[in-house]
Structures are given as C-alpha cells and as structure tokens.
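1. Requesting a structural model of the entry that follows:
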Amino acid sequence: MRVAVIGGGPAGLYFAILLKRDRPDTHITVVERNRPNDTFGFGVVFSDQTLDTFAAADEPSYNAITDAFAYWDDVEIHVRGTVHRVGGNGFCGCSRRTLLMLLHDRAKALGVELVFNTEARPEDFPDADLIVAADGINSAIRARHEAHFQPNTDLRPNRFAWMGSTRPFDAFTFFFKERPEGIFIAHCYQYERGASTWVLEVEPETLLRAGLDQATEAESARFMEDVFAEELAGHKLITNRSQWRQFPMIRCARWTKGNVVLLGDAKATAHFSIGSGTKLAMEDAIALHAAVVAGGSIQQSLARFENGRREAVEKIQHAADVSLVWFEHVRRFWPMHPTRFAFGVMTRSKAITYDDLALRAPAFIKEVDALFAYEVAGNAQPLDIHRPPMFQPFRLRGMNLVNRVVVSPMCQYSARDGMPTDWHLVHYGARATGGSGLIYTEMTCPSADARITPGCTGLWNDAQKAAWTRIVSFTHANGSAKICLQLGHAGRKGATRLMWDGMDRPLPQGGWPIISASAIPYTPENQVPRAMDRSDMDRVVEDFRLAAIRGESCNFDMLELHCAHGYLLASFLSPLTNTRTDMYGGSVENRLRFPLEVFDAMRAVWPDDKPMSVRLSATDWADGGISEPDVAIIARTFAAHGCDLIDVSTGQTVADAAPVYGRMFQVPFSDMIRNETGLSTMCVGSITSADQINTILAAGRADLVALARPHLVDTGFAMRAAADYGVTDIPCPVQYEYGRDALMRSAARERADLLELRKRARPKSHGGAGGGHPTHAM
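-> Now for the predicted structure:
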C-alpha cells in the first residue's frame, strides 16, 4: 500500500505515524511546502480529555508531548478590575514548533518519508492508493475541486491576531479591556517555559477606530502593548505573521473524492476560542487511521471515516460556533456584574454547565448563586443565597412565581368543538401539583375558524369558559403554580389534521376557510388563505378582545398573545409571509401594526395588575426572513404597549425553513432580546435538565425557562430537581407530602453518590504525566 500525505501539519503527520506503526510495510510519504523548522503561530492547547485520547492512540508520541508541555488547571477571567479564577479544567500548552518536531521524530523513527520545501498535488502521486489532503485552512486541493467538496466558508466579523510574549501564566487567562476605541480581548496561555500565546480579538468597528486596519505588524504589537500594558507586566508582544484576520468557519458537504480525503483544517475548522483546531486535526487522524485499518477497499475505508467522524466534528464545530458568537457580542454582556460575566465566559459554548462548575469550582458557584439571590431581592433580604437560580422567585406585575420553571404550552389536540375535556383537567392538574412555578395553556383559539385542527381548544363561548374555569380553579386550589392563558389564531396553518394524523396537512374534509396577511399557502398542498381586509381585521381584533375578557373571568393569572410559528399574527411580522403593499406591509413598523392592534385590544381589557406576554419567532431560519434588528424593534414596541415578557421561540414560519437544532438551540435568541433590549424573556427549545435551566438563568440569558417534552413524561420534574439540589421547601399538595419527603431523603443519598461518580468519571489530570511541568512552577 502506498500513501501520500500532502501537508505536514499535525493532522497529516499523526495519521502517518499511526498507520506506519500498525502497517509497517505501507510506504507513506508526507510532503510539506515549508522547511522543517518553519512554523507559524506560537502554541497549541489540549484538554485532559484530549490527552487521554492521545495516550490511547499512540503512547510514545503522547509521552513526548507531555514531556514538553506546560500544564495548568485553572481558567482566569479579568474584567473591569476583577479576577475570577475557576479551577478543575485541566489543559496543557505546547509549542507548535515543538509539537511538529516531536511528530517529525516519531514519524522518521517509524520509517515515514518526510519531504520538505516542496509543493505537491494529487496527480504527483499516480501510484498512491490513498492521498490525504492535509494542506490546511487554505487547502488548494479543496479549492481545485470546490464543486465536488462543496465547501461553505462563513467569514466571521471579529478580527484577531496571533501574537506571543515571554510573560508567564499559571492559568488559561482571558483579559477584557475597554478603551475609547472599544473592547479588546486577549486569550492567553503559557505553552513552554518563558513563552506564552496571546490571541488578540476585537470587533471590526474597534479595529477601525484604533487604526489597526492600516497598521503594520510592528505597529499593531506596539498598540496592543499599550492596551494591555498592565497585563503584560513589562513584557513585550512578539509577532510571527501576526496580521489581523477574520476567522473562516469552514464546512464541506463531502470530505472524500475517489482516493483523496480531506483532513484537519482542510475539511473543517473550529474557532480558537475553544482551542480545538489542532485537537480536531489530530482526532481526525485517529479516526481515519481506525477506518483504514478496519479493512476493506480504500473507498470503503473513506466512507467509513466520513460516516463515523462527521457527527463528532459537527458537534465540535457547533460548540465553537456558539463560543465565537459570544465573543462577537461581548458588548452585549459588558454591563453585567463581573461574576455573571465570568460565568458567561465559562459556559458560553454549552460544554461546561452550572453543575460542572459546582463540581469543579464550588466557591465560584456559591458566588454566582449569592449574586442571583441578591439581585432578585433588590433592597430586601434574599430568600436564600444558597438556592440555585431556578428556585429563586420571579415577579411580573402583581404575579409572584415561587420558581422559574415553566410548563411550556403544548397543544394536546384533544378538545371537542373547542371545549377542554377531562383530558385537559388531568393534564394541567397533574402539572400544577408537580412544583413548577408557571403553567401555560396550549394555544387557545378566539374563534372556531382560528383553530389549527379540530382538536384545538377555544375560548369563544361560555361553555368553554366554564371548562377552563374548572381547570384554573383546580390549579389554584392544589398547588402554588400560576397559570397563563395563551391565545392565538392559526391563520394560514389552520384547517389541518391532528398532529398524529399528519401535522400541517390539510383536512381531507370538514375544513374551513382560512385567512392570512397575504394569499400565500403554507405548502402547495395547503389551502390558499384569503388576504385579510379591514373587516377581517376588525372581527379578529374583537374575537381576541372577547377571549381576553373570558380569560379574566376564568381567573387566569397571566395572558399571552401568540405571534410566532407562522400563525396569523406571525404571518404579518415576517417578510416571507407578508407581501402587502398597504399600511400593514413593508417596513417592520408596518408589519407590526396589526399584531399591535390585537395586543392593545387585549391589554385594554386585561387587569393592570396581571402580566401579559408575547410569543415571538426570533428567526424564520430562512433567507429573507425576519432579522435580528426587526425582532428587537418588535419586542421593544410590544413592551412600550404593556407587554411584560417576551416568550422567545423560533421558526415554523415557512415549510422550507432550515433550523439548526441542538441543545438549548433557541437560547441565543432569548439572550439577544433580553440583553439588547433589557426586557424580561422566557426561553424554550430542547431544554431538558435542571442543570441547563440553572446554566441559562445564571448566565443572564433568560428570566424564565420553559420545558415541554420533559414535562410530558415527568409531571414532577421541578419537584425532582428540587430534591436533587436540596431545596426542601418546594410547595407540594398535602396529599403528596409523604412522597416529597421520601424523595428528599433518597435524593440526598443519590446526590452524594452521583457526585462521587462524576469525580471518578472526570478525565485524569496529566499535570504530572511524563515530566511535564506545571505552569505555576515557572
């Protein structure tokens, strides 16, 4: 077997090492365009978990790396005169040049042929069975076959420059400095004795105001030395091709072409803020090696590699995406208390959570909890400074919630002619006794023709009002939960089948005429809605007004207007579904006009001491859809008209949307609205655990957190979470108190056992491995 590796970076070298070790008769040539001693950049960083992976993959190279590394356990965050030090992280730094030399030595010892100072193309190796294109972020091979590999390059707006210094560190350190030009960020770590990496990052506007766009390398270094004079402590910045650049987030639809495979940065990149570039490359090499030695043809091996590796790469890229966006919006978080700011830095990528930090840095989490409690209390004495954020109270107007856990609105499609049934009484009643602070009804319709399906609940007559009153009364009598009525009109998504019979598909019979902002069907299969005229608008406004009056008669605690998910009012807000040329179309202010008329009519009849919220789709997940500035304007305008909370969802506006799903995937939109506008928000969407709730709240990304599917199968979700965190005073119906008390006792034991298991499951510390020196010794 003959293998050609084009590109002598860590990815190509490591693959060559692994394959030559296990297939010594394979002829492997690594061709590198640069000389052996050339290297650009300064250090690379690996976590304990990554070092575990390297140890398992190839112990000799692992030992060589750990002999040369600088190790640290802490992350330090410097912001506005404060320092937060968070332990238990476990990282090592290593000179990039040293890493390459170590891999050169290992490869040569195994018999890999290394060729330097030479350009190469796949056609230079006609006899090669396998060609590995590890030619880096600017891969010429990927570019030549762009139509096949289909790369997508997202050039991020922030600018960064890679510099170095002799300033020592004993922690991975973030410096945040504000000057008249803007906010300057330094990502710093020591990678060997007397040498540290400084990745300097600024917003594009800051770059221009500072004149760095026109500066030479030397001028940039001198300017940044002035910015971080105190932090450099007399040390100078060192440059090495330290130009200001934009980070390219690269994804490829295909990784292989014939016997050619892209590896490392050639196929996918991950932002430096999570330190994953070299990690990604070397783990690619491990995966490709495993795919090849598993046997079969080269084509089978490459298919095995791509199919088996893609999900892991995409997860790392997603974490990197979320992390880089946090730094791009650092100004959004700048007003936060430094403790909350530091918590946001630690949890920005979703890889580290509240519970992780409670295990790694319990003193820091105590500080986070105390800050949250004092902010909730205002001038009063906090309820309990040791209580996790999710179990702190929340107030909207005259409504007081005992905690911040919300049962999300979930359509049950089980009503008869809009009438809630015994199913609804059991559904809402069970969740009312489960410990959550707030329960939302499913979208309830103000008229029969406002329904999504024949199974949707309504509030357009007195019989329905009586049924809802029974549910509300039960909720109030048997728990501390408050209950919110959500009112909405299906619009162009109406007259469809029950979800389990075919969601969004039109009724085969028994349908009704539907209306929307414009005469655009949801899908070609659905009805074409009638574009609303003024008489339609007047009727709909009155329907909502009367439903709000009935809702108050039912004694609901809160009222929400549904303006999301492509339903009637959302169809006015989105430019994808609103093509009107009158005063209700065009600008965002015009598109907002009719939803605001509905809201104003409801607010006018809803008691002043009871809150109202609005559910918004903060993105349509489609080109040409609602924009971030649009959403901020819409949220601020509703607030000016008496809205107390924005319920932040996304999408479902158009059938061909392309949402990017993942854990807590809608939280960034809640974050944006809350921290750009100062309004209270509720987030929802793939939130499944109490740990995630606490992470979101402690970072200031929402005020309330709604969960849907977890509450479908666990009506006592909040009760169970309270037991897990040792919150013993969560309200409980007297009939269930014995069960709650037993849960508290068993949870305390289980919590101690789980803590011990999590400690054992942590990656081992490599601080003493192979003679590697801890940075605090330098």
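
2. buried set for the longest helix seen in the chain?
-> When the chain is scanned for its longest helix (criterion: DSSP state H), the result is helix 298-328. By neighbour count with 16 or more other C-beta atoms under 10 Å, helix 298-328 contains the buried residues 298, 301-302, 304-306, 309, 313, 316-327. Heads up, the C-betas are built off the backbone N, CA and C, glycines and all.

3. which helices and strands sit right next to it?
-> Counting contacts by 3 or more C-beta pairs under 8 Å, 6 or more residues apart in numbering; DSSP states H and E, helix 298-328 is packed against strand 151-165, strand 245-252, strand 256-257, strand 260-262, helix 277-293.

4. just the helices in the stretch 451-600 of the chain please.
-> 462-477, 499-502, 534-553, 568-573, 588-591, 593-605 (DSSP state H, counting those that start in this stretch).

5. Ok, which of these comes nearest Ser617?
-> Ser617 lies closest to helix 568-573 among these, at 5.8 Å (C-beta to C-beta).

6. related to what we said a few turns ago, deepest of the helices and strands packed on helix 298-328, which one?
-> Greatest average neighbour count among the helices and strands packed on helix 298-328 goes to strand 260-262 (a mean of 25), per mean count of other C-beta atoms under 10 Å.

7. May I have the strands that pair with it, each with its orientation?
-> strand 130-133 (parallel), strand 256-257 (antiparallel) (DSSP bridges).

8. Stretch 206-216 - what's its average pLDDT?
-> Averaging pLDDT along stretch 206-216 gives 97.

9. Using CSV, list the CA coordinates for it.
-> This file holds the C-alpha atoms of stretch 206-216, laid out as CSV (Å, rounded to 0.1, in the frame of the first residue of the first chain):
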residue,chain,number,x,y,z
THR,A,206,-12.9,48.7,17.2
LEU,A,207,-10.3,47.7,14.7
LEU,A,208,-11.2,50.7,12.5
ARG,A,209,-11.4,53.2,15.4
ALA,A,210,-8.0,52.1,16.6
GLY,A,211,-6.5,52.4,13.1
LEU,A,212,-5.3,48.8,13.3
ASP,A,213,-6.7,48.0,9.8
GLN,A,214,-3.8,50.2,8.4
ALA,A,215,-1.2,49.2,10.9
THR,A,216,1.9,47.1,10.3
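
10. count of residues packed around the residue lying closest to Gly8 once chain neighbours are set aside?
-> Spatial nearest neighbour of Gly8, excluding adjacent residues (C-beta to C-beta, 6 or more residues apart in numbering): Glu32 at 2.9 Å. The tally of other residues near Glu32 (other C-beta atoms under 10 Å) stands at 25.

11. residues touching Glu32, list them.
-> Taking C-beta atoms under 8 Å, 6 or more residues apart in numbering, we find Glu32 in contact with 7-9, 114-118.

12. Dump these to JSON lines, plus secondary structure, pLDDT and distance to Asn379.
-> JSON lines is the format used below for the contacts of Glu32 (DSSP: H, G, I helix; E, B strand; the rest coil; pLDDT from 0 to 100; distance: C-beta to C-beta, whole Å):
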{"residue": "Gly7", "secondary structure": "coil", "pLDDT": "96", "distance to Asn379": "62"}
{"residue": "Gly8", "secondary structure": "coil", "pLDDT": "94", "distance to Asn379": "64"}
{"residue": "Gly9", "secondary structure": "coil", "pLDDT": "93", "distance to Asn379": "58"}
{"residue": "Leu114", "secondary structure": "strand", "pLDDT": "97", "distance to Asn379": "69"}
{"residue": "Val115", "secondary structure": "strand", "pLDDT": "97", "distance to Asn379": "72"}
{"residue": "Phe116", "secondary structure": "coil", "pLDDT": "96", "distance to Asn379": "69"}
{"residue": "Asn117", "secondary structure": "coil", "pLDDT": "95", "distance to Asn379": "70"}
{"residue": "Thr118", "secondary structure": "coil", "pLDDT": "95", "distance to Asn379": "72"}
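
13. Narrow these to just the buried residues.
-> Neighbour counting with 16+ other C-beta under 10 Å marks 7-9, 114 as buried within those.

14. What mean pLDDT does stretch 706-720 get?
-> 95.

15. Endpoint to endpoint, it covers what distance?
-> Distance across stretch 706-720, first residue to last, is 16 Å (C-alpha to C-alpha, to the nearest Å).

16. what's around the closest residue to Leu697 other than its chain neighbours, how many residues?
-> The shortest distance from Leu697 to any non-neighbouring residue, by C-beta to C-beta, 6+ apart, is to Pro389 (3.8 Å). Using other C-beta under 10 Å, Pro389 has 25 other residues around it.
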